[in-house]
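Q: missing the sequence, but the structure's below:
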């Protein structure tokens, strides 16, 4: 557990320390007051940008890190000698408390339950992609061994290729790789922790953005910090390990701080390159290197801003020098992801290529009206915990939220530029929900823009507070209570339902293939045998093992790694040859017993199978079967097959089963010989079929065919959408 606190603190200290010099050296004078909280983001942007450039020039993260650290240390010394050092005020102390509370709150699943540094998720599997990518990039160039990556069929390494050569999401893994190299950690240890730190450090930026647009009070300070720290929608993104998304939140808010301050001055009309141009151009480049989908939330509003100034007959060309310099710097430094990202973003948001019905691990927890309304967007009512509010009430409270946001807009600086951003945001909300009906893209758009929207809402709420202090205070307390309640509820759900890279996965590091003399032999996991195990388990098993796979199915004597039974785990029951090659508390490694000779030579009685009890169940079930359950197993589709092994004479096949619904008829064939047909009921019953001519010693294929399949979601009114036919308790050959 100590490692959790140590590396959290170490990451924060390194970010602040390395950013000290570069922040004071490049920060415009108007922002010197906020140097403390901008410094870690200067470090992040500098690290991502320089590490990527150096990697493209032939320096790995391990090679480049000492150069970068040394350079920043020298800059720190220079700045320290020239300045008085950072100043800390009461606001900074309050902000620091919220940052620490955020880190502790979001690491609770590690601190209280896992008790060691690892990665957890509420259901999404993206974490393994980032972990594998950050491990890979420490000692490898992004464009080295591309052909090898393309040929590699491992999920983990295929995703590494996808991360660096398809979607150009370089920022998150190269940022994590820097700290993994510095702390001697692996990706599985650092992936979630790094996101928690980034999430916490974006909170001060939201407050700084508020101060750029408005003169805040103590009321607005606490309001915005609570709203940004505990917004249930942002926490939902964090708990699902959307690393690129989390990094984007901070980068985007950082960009907006400089953009609004820059465009609120007279400097954009100047032709010489200013610090603002460099900072904004490089930050936008890092956005494209890290999460190019967010680019539309920069380019779109700026395009609308130019159009609004034109239609309002304001001198549009005042801003052309600044816009030109920013985009020239961005394009020069990130041309590949910039143009690729522009095309992909348009495709995603306007052409809607995302499957709105896809099961991708981060569905809303409610099916009815999954799109969060403005009241839910603010985090006052969680769509992940409750059914929708009554329509009239939802419209009323959402209208009040919108009015507050618009009131905040009217009381802010740079209203025309703010309006440009709001126009694009509202259009994307409308397009992804009412036109495309796509929850995934709508929720992306909502969570990308939430820091900005929270700032406007807080400004509006503060203005109401200045007009009616008592009534607004009561409303604010109610809203803050709702925000905290929703956040705590989601956090509890995270702690109850999360999946983790637990000790069983980590124990696979004990398996040394080289020492066992198996280095050049393909190894298969249970995923290749049955394909029914959770994807999280399959991906992380491969992450730790990197087993060499074949395009063919495992054959007799193939090397098989199986997990042992454990609480909340139902591994496949497969026959392995004796003796086992290796085992520990969680896994066994052995050779598959699959041939006729091996099966006939087994001491077990393989002439029948009892679901949930037989230790060789999955060796006998061939196709058309759903995942394991406690004492029964469903057939899926209209046909299922199994094999049974006999050493004596049998004349009948019997099984105990029931149908999910009626009508239902089952037809039985044994070794392709038809044995009969019987109707099935929805109650447990035993059915017997005569075997034409009987069967003797050998391996026999039993085929079941069904006239109907049914979905539990339709029959039982649940969320199970499988096509099921019959549930079996046991199947066996019997004698007359």
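A: That came in fine, so what should we check first? Bear in mind that the values here come from a model prediction, so they are computed numbers and not experimental data.
Q: next helix or strand past the helix or strand containing residue 540?
A: For residue 540, the host element (DSSP states H and E) is helix 535-545. Later in the chain than helix 535-545, the nearest helix or strand by DSSP H and E is strand 559-563.
Q: just want the angle from that following strand to helix 535-545.
A: Using axes from the mean of the first three to the mean of the last three C-alpha atoms, to 10 degrees, the direction of strand 559-563 lies 130 degrees away from that of helix 535-545.
Q: contacts for strand 559-563 next, please.
A: Under the contact criterion C-beta atoms under 8 Å, 6 or more residues apart in numbering, strand 559-563 has outside partners 504, 511, 518, 521-526, 529, 537, 541, 545, 547, 554, 569, 571-572, 574, 576, 581, 586-592. For the C-beta atoms, the positions are set from N, CA and C on the backbone; glycine is no exception.
Q: equivalent analysis for stretch 180-196, please.
A: 4, 7-8, 10-11, 14, 61-62, 65, 102-103, 106-107, 110, 117-121, 127, 130-135, 138, 175-176, 179, 238, 241, 243, 246, 501, 505-506, 540, 543-544.
Q: show me what the helix holding residue 540 is packed up against.
A: helix 126-137, helix 155-165, helix 187-213, helix 503-506, strand 523-525, helix 526-530, strand 559-563 (3 or more C-beta pairs under 8 Å, 6 or more residues apart in numbering; DSSP states H and E).
Q: buried ones in that helix?
A: Buried residues in helix 535-545, counting neighbours by 16 or more other C-beta atoms under 10 Å, are found at 536, 537, 538, 539, 540, 541, 542, 543, 544, 545.
Q: now do it against helix 187-213, angle only.
A: Using the same axes, to 10 degrees: helix 535-545 against helix 187-213 is 110 degrees.
Q: now helix 535-545: average pLDDT?
A: Looking at helix 535-545 alone, the average pLDDT works out to 83.
Q: residue 616: what's it in contact with?
A: Residues near residue 616 by C-beta under 8 Å, 6+ apart: 573, 574, 575, 604, 606, 609.
Q: wait, which of those residues is closest to residue 719?
A: Of all these, residue 719 sits closest to residue 573, with 27.3 Å by C-beta to C-beta.
Q: so the closest one touches residue 618, yeah?
A: Yes. Under the criterion of C-beta atoms under 8 Å, residue 573 is in contact with residue 618, at a separation of 5.1 Å.
Q: quick one: contacts of stretch 379-391?
A: For stretch 379-391, the external contacting residues (C-beta under 8 Å, 6+ apart) are 227, 230-234, 236, 364-366, 368-370, 372, 375-376, 394, 397, 401, 479, 482-483, 486-487, 489-490, 493.
Q: roughly how far out does that stretch sit from the chain middle?
A: Per C-alpha atoms, centre = their mean, to the nearest Å, the displacement of stretch 379-391 from the mean C-alpha position of its chain is 23 Å.
Q: how far does that stretch stretch from start to finish?
A: Taking C-alpha to C-alpha, to the nearest Å, the first and last residues of stretch 379-391 lie 18 Å apart.
Q: one more: stretch 673-684?
A: One end of stretch 673-684 sits 26 Å from the other (C-alpha to C-alpha).
Q: just to revisit the earlier point, pull out the buried members of the contacts of strand 559-563.
A: By 16+ other C-beta under 10 Å, the contacts of strand 559-563 give 504, 511, 518, 523-526, 529, 537, 541, 545, 547, 554, 571-572, 574, 576, 581, 586-592 as buried.
Q: please enumerate the helices of the stretch 301-450 of the chain.
A: 320-333, 335-346, 374-377, 391-410, 415-430, 439-467 (DSSP state H, counting those that start in this stretch).
Q: so can I have TSV of the ones you listed showing distance to residue 96 and mean pLDDT?
A: Putting those into TSV (distance: least, C-beta to C-beta, whole Å; pLDDT from 0 to 100) gives the following:
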stretch	distance to residue 96	mean pLDDT
helix 320-333	32	85
helix 335-346	34	67
helix 374-377	27	94
helix 391-410	26	93
helix 415-430	29	92
helix 439-467	19	92
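Q: so which of those helices is the most packed in?
A: Stretch with highest mean neighbour count among these: helix 374-377 (a mean of 24; mean count of other C-beta atoms under 10 Å).
Q: hang on, the earlier thing: please compute how far the helix holding residue 540 lies from its chain's middle.
A: Distance of helix 535-545 from the chain centroid (C-alpha atoms, centre = their mean) equals 15 Å.
Q: cool, and stretch 120-131?
A: On the basis of C-alpha atoms, centre = their mean, stretch 120-131 sits 5 Å off its chain's mean C-alpha point.
Q: got the contact list for it?
A: Residues from elsewhere that reach stretch 120-131 (C-beta under 8 Å, 6+ apart): 109-110, 114, 119, 155-156, 159-160, 162-163, 172-173, 176, 186-188, 190-192, 236, 239-243, 360-362, 493-494, 497-501, 535-536, 539-540, 543.
Q: average model confidence for that stretch?
A: Stretch 120-131 comes out at a mean pLDDT of 89.
Q: which residues touch residue 710?
A: When contacts are counted by C-beta under 8 Å, 6+ apart, residue 710 touches 659, 660, 661, 723, 724, 725.
Q: mind running it again at 6 Å?
A: Residues near residue 710 by C-beta atoms under 6 Å, 6 or more residues apart in numbering: 660, 661.
Q: try the one 5 residues further on
A: Shown here is residue 715, whose contacts under the criterion C-beta under 6 Å, 6+ apart are 660, 661.
Q: from residue 459, how far out is it?
A: Separation of residue 715 from residue 459 (C-beta to C-beta, to the nearest Å): 52 Å.
Q: how about residue 465?
A: 10 Å.
Q: ok, now residue 679?
A: Per C-beta to C-beta, residue 679 is found 69 Å from residue 459.
Q: in the stretch 51-200 of the chain, what spans have low per-residue confidence?
A: By pLDDT under 70, the low-scoring segments of the stretch 51-200 of the chain are 84-86, 143-159, 161-163, 165-167.
Q: and the helices in it?
A: In the stretch 51-200 of the chain, the segments counted as helices under DSSP H, counting those that start in this stretch are 61-82, 90-106, 108, 126-137, 146-151, 155-165, 171-183, 187-213.
Q: can you say which of the ones you listed is packed in most?
A: Ranked by mean neighbour count, the helices of the stretch 51-200 of the chain are led by helix 126-137 with a mean of 26 (mean count of other C-beta under 10 Å).
Q: just want the angle from that helix to helix 187-213.
A: If you take the same axes, to 10 degrees, helix 126-137 sits at 100 degrees to helix 187-213.
Q: chain center to helix 126-137, what's the gap?
A: Offset of helix 126-137 from its chain centre (C-alpha atoms, centre = their mean): 12 Å.
Q: same question for stretch 80-96.
A: 35 Å.
Q: list of residues touching stretch 683-695?
A: For stretch 683-695, using C-beta under 6 Å, 6+ apart, the contacting residues are 649-656, 658, 668, 670, 673, 675-676, 678.
Q: repeat the analysis, applying 8 Å as the threshold.
A: Residues from elsewhere that reach stretch 683-695, judged by C-beta under 8 Å, 6+ apart: 646, 649-658, 666, 668, 670-671, 673-676, 678, 680, 729, 733-734.
Q: kindly report the same for stretch 70-90.
A: Residues outside stretch 70-90 that contact it (C-beta under 8 Å, 6+ apart) are 17, 18, 20, 21, 22, 24, 25, 35, 36, 39, 43, 46.
Q: if anything else comes up later, I'll come back, but that's it for now.
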